[in-house]
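# Return atomic coordinates for the entry below.
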Amino acid sequence: MEDLPSGTVTLLFTDVEGSTLLVQRLGAAYQYALDGHRQILRDAVASHGGREVDCRADEFLACFARASDGLAAAIAAQLALTSEDSQLRVRMGLHTGEPELVGNAYIGIDVNRASRICAAGHGGQILVSQTTRDLASTAVQFRDLGTYLLAGVEQAERIFEVRTPGLRTSSLPLRAEHDTGAPGRRRRGLRPRRAPASSQLAETAWRARKLVEPGPLRDALTGLAAALFDADRAVHRAEALLGKIDRHRIARRLAEQRELSLVSPPVAELAAGTDAKLACLDRLGDDAQVVSDLGAEAAALLDRSFSAHAVEQICERLNLAIGTLDGQITVTARAHDALSYRLTRTRWRGVYRLDALYVVPYHDELGIERQPEFTDAGEARRFREGVKLARQARNRGLGFDLPWDGSSGGS
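Reported below is the predicted structural model:
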């Protein structure tokens with residue numbers, strides 16, 4: 001395999017919008033549509049001098065030596081997807097930087113930045129960072145969308161939308177928090193999204209409920225109101241779960257594991273598991289966004305004249321999306337252990353609380369983060385002292401094992 005370019009490169013991330021819902025809707029045909037979309041991406045990348053870096057599930061990553069080539073490939077791919085009348089709506093994000101090349105993979109903040117720019121968009125959009133826009137020697141027009149805070153990225157990013165004939169554009173706000181410049185407004189979590197989706201769903205539900213009156217629309221509007229109330233509760237549960245999980249911590253642990261995996265194959269398996277946890281969170285964010293977007297679609301429908309059939313159609317789509325979201329909430333909660341959740345400090349140094357449990361984060365001899373759980377504070381404190389003594393012994397070149405793992409189901 002030919003080596004990937006190093007130094008300054010442009011990264012192109014893509015993923016499929018609402019893929020979980022599409023899997024349920026298309027069934028076996030989804031894989032056929034996914035394969036077709038991948039081939040379109042690969043053809044566009046190859047024809048513009050790019051290289052495929054990674055392809056998993058509905059995500060795709062490519063790299064280019066020049067920003068203008070990456071931009072041209074993204075435009076060609078989106079236009080091809082549109083002309084093929086693909087059932088998949090693909091969002092794309094480009095960023096130019098100097099990621100570290102390790103084997104056949106890129107690592108570093110520039111990779112995260114490119115991924116988050118992609119995640120902020122909607123199906124059919126191409127978003128680029130200011131660096132890519134400035135370096136792309138092309139006549140393509142850009143729309144300045146403003147500066148945004150991206151999950152896991154400390155510095156705010158100015159994002160631009162590519163505008164060219166044939167490309168879809170979106171009037172929806174980006175799936176990221178707009179940077180107001182006010183201190184203390186940075187949110188740490190999964191994907192900062194536009195403000196409270198659940199309250200908007202509840203407001204639309206009450207609007208639909210007030211429109212119910214005897215007549216041909218009664219049953220349809222009653223069903224829509226019930227679905228919107230269910231959507232409000234589902235999105236609220238999703239947002240509450242995402243708020244409890246410390247995505248920044250998981251991403252930092254993944255970076256550490258990927259670095260260690262170069263010398264320790266077992267750590268590579270841990271990295272794959274951690275990567276799956278992040279993907280699980282992203283999927284939950286996607287599913288919650290689908291429900292939120294359908295709520296906005298329902299609100300727009302109520303603003304104009306509508307038929308019972310139109311209401312029933314959106315109600316059916318909403319109920320399907322709610323079922324998907326409920327399932328993903330359960331999957332996400334089961335996939336994440338104490339290592340994933342935000343911890344509360346206690347008065348004992350190095351000992352934290354997670355609900356009714358006491359946890360003691362530490363790094364083992366391989367540098368892997370561990371976090372055993374205890375039901376008793378005294379046991380947690382004694383284990384913490386053992387960790388401290390073991391670290392001191394290792395620093396002196398002496399062998400010293402932890403006295404016990406004391407764990408009650410932790411990792």
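
# Dihedrals phi and psi, Ile329?
Phi and psi for Ile329, reported as degrees, to the nearest 10, are phi -60, psi -50.

# now swap in Tyr106 and tell me
Taking degrees, to the nearest 10 as the convention, Tyr106 sits at phi -100, psi 140.

# Can you give me the distance of it to Ala74?
Per CB to CB, to the nearest Å, Tyr106 is found 17 Å from Ala74. Every C-beta, even on glycine, is put in place using the N, C-alpha and C of the backbone.

# Check Glu154 too.
As judged by CB to CB, Glu154 and Ala74 stand 26 Å apart.

# my guess is His37 meets Leu81, correct?
Yes. Applying CB atoms under 8 Å as the test, His37 and Leu81 come out as touching, 6.4 Å apart.

# any residues in contact with both of those two?
Common contact partners of His37 and Leu81 (CB atoms under 8 Å, 6 or more residues apart in numbering): 88, 90.

# Point out where the stretch 151-300 of the chain drops to low pLDDT.
Scanning the stretch 151-300 of the chain for pLDDT under 70 picks out 171-172, 180-199, 262-263.

# just to revisit the earlier point, neighbour count: Tyr106 and Ala74, which is higher?
Neighbour tally, Tyr106 and Ala74, criterion other CB atoms under 10 Å: the higher count belongs to Ala74, 31 against 23.

# Secondary structure element holding that one?
helix 67-83 (DSSP states H and E).

# export that helix as CSV, just CAs?
Output of helix 67-83 as CSV, limited to C-alpha atoms (Å, rounded to 0.1, in the frame of the first residue of the first chain):
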residue,chain,number,x,y,z
ALA,A,67,-7.2,21.8,-0.4
SER,A,68,-8.6,22.6,-3.9
ASP,A,69,-8.5,18.9,-4.9
GLY,A,70,-10.3,17.9,-1.7
LEU,A,71,-13.0,20.5,-2.3
ALA,A,72,-13.4,19.5,-5.9
ALA,A,73,-13.8,15.8,-4.9
ALA,A,74,-16.4,16.6,-2.3
ILE,A,75,-18.4,18.7,-4.9
ALA,A,76,-18.1,16.0,-7.5
ALA,A,77,-19.3,13.3,-5.0
GLN,A,78,-22.3,15.4,-3.9
LEU,A,79,-23.4,16.2,-7.4
ALA,A,80,-23.1,12.5,-8.4
LEU,A,81,-25.2,11.5,-5.4
THR,A,82,-27.8,14.0,-6.4
SER,A,83,-27.8,12.9,-10.1
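
# List the contacts of that helix.
10-12, 14, 37, 40-41, 43-45, 47-50, 62-64, 88, 90, 92, 94, 96, 124, 126, 128, 131-132, 135-138, 140, 162, 164, 166-168.

# can you do 6 Å?
10, 12, 40-41, 44-45, 48-50, 64, 90, 92, 94, 96, 126, 132, 135-138, 164, 166-167 (CB atoms under 6 Å, 6 or more residues apart in numbering).

# quick check: angle from the helix or strand following it to helix 67-83?
Of the helices and strands lying after helix 67-83 in sequence (DSSP H and E), the nearest is strand 90-97. Using axes from the mean of the first three to the mean of the last three CA atoms, to 10 degrees, one finds that strand 90-97 and helix 67-83 are set 180 degrees apart in direction.

# Just checking: what are the partner strands of strand 90-97?
Partners of strand 90-97 in the sheet, by DSSP bridges, are strand 9-16 (antiparallel), strand 126-129 (parallel).

# May I see the buried residues of the helix or strand that comes right after it?
As assigned by DSSP H and E, the chain's next helix or strand after strand 90-97 is strand 100-102. For strand 100-102, a neighbour-count test (16 or more other CB atoms under 10 Å) marks Leu101 as buried.

# gap between strand 100-102 and the chain center?
How far strand 100-102 lies from its chain's middle: 23 Å, per CA atoms, centre = their mean, to the nearest Å.

# Now that strand: average pLDDT?
The average pLDDT within strand 100-102 is 88.

# Neighbouring strands of that strand in the sheet, and parallel or not?
strand 105-107 (antiparallel).

# pLDDT of the strand it pairs with, averaged?
89.

# Need the residues that contact that strand.
99-100.

# Could you pull up phi and psi at the closest residue to Cys55 other than its chain neighbours?
Closest residue in space to Cys55, ignoring its immediate chain neighbours: Arg38 at 6.5 Å, by CB to CB, 6 or more residues apart in numbering. Dihedral pair for Arg38: phi -60, psi -40, per degrees, to the nearest 10.

# and what of Arg209?
Torsion angles, degrees, to the nearest 10, at Arg209: phi -60, psi -40.

# mind listing what Val162 touches?
Here Val162 is in contact with 126, 140 (CB under 6 Å, 6+ apart).

# What's the first helix or strand after the helix or strand where it lies?
According to DSSP H and E, Val162 maps onto strand 157-163. Sequence-wise, the next helix or strand downstream of strand 157-163 (DSSP H and E) is strand 177-178.

# sorry, back to before: give me the buried entries from the contacts of helix 67-83.
10, 12, 40-41, 44-45, 48, 50, 64, 90, 92, 94, 96, 126, 132, 135-136, 138, 164, 167.

# Can you list the buried residues in the helix or strand where Tyr30 lies?
Here Tyr30 sits within helix 29-47, counting by DSSP H and E. Across helix 29-47, burial judged by 16+ other CB under 10 Å covers 30, 33-34, 37-38, 40-42, 44-45.

# chain center to that helix, what's the gap?
That offset, for helix 29-47, works out to 22 Å (CA atoms, centre = their mean).

# For the helix holding Ala74, buried residues please.
Going by 16+ other CB under 10 Å, helix 67-83 has these buried residues: 67-81.

# okay, now the nearest residue to Ala296 once chain neighbours are set aside: neighbour count?
Leaving aside its sequence neighbours, Ala296 sits nearest to Gln200 (CB to CB, 6+ apart; 7.1 Å). By other CB under 10 Å, the residues close to Gln200 number 18.
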